[in-house]
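[1] Make a model of this:
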Amino acid sequence: MIIFLRLSSLLLLCVIGYFCYKLNNPQTIILVFSGFIAGILFVLSYLLDISRKLKGYKRELEKNSISSDESSSKVKVLESKIEVLEKALQDALNTNN
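    Presented below is the predicted three-dimensional model:
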């Protein structure tokens, strides 16, 4: 869709240039209105492209955030298991002595 908007706006600008060349009167209302529409379409295509990239970046950021949260919670669980095992080992060594 973005490519279509860009191509259609460029085509519209080329048509406007052609009519300006043929009519030798670039101040008609139709040509000015067409130029505004072409400019809006051209800018809109860039805005759509930027918003699509921003959504992708947000998804990637959320995915990385979730994976880092999972990793930190796994580390905490492993640390607590190590503490329990160290305490059990210490208790077992104390009872053997």
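
[2] Summarise which helices and strands the helix or strand of the chain with the lowest mean pLDDT is packed against.
    Of all helical and strand segments in the chain, the minimum by mean pLDDT, DSSP states H and E falls on helix 2-23, at a mean of 75. Other elements packing on helix 2-23 under the criterion 3 or more CB pairs under 8 Å, 6 or more residues apart in numbering; DSSP states H and E are helix 29-96. Yep, even glycine has a C-beta here, placed from its N, CA and C like the rest.

[3] circling back to that earlier point, which residues are contacting the least confident helix or strand of the chain?
    With contacts defined as CB atoms under 8 Å, 6 or more residues apart in numbering, helix 2-23 is touched by 26, 31, 34-35, 37-39, 41-42, 44-45, 48-49, 52.

[4] May I have the residues that are in contact with residue 34?
    Neighbour list for residue 34: 12, 15-16 [criterion: CB under 8 Å, 6+ apart].

[5] Try it again at 10 Å.
    Residues in contact with residue 34 (CB atoms under 10 Å, 6 or more residues apart in numbering) are 12-13, 15-16, 19, 28.

[6] go on, residue 42?
    Residues in contact with residue 42 (CB under 10 Å, 6+ apart) are 5-6, 8-10, 12-13.
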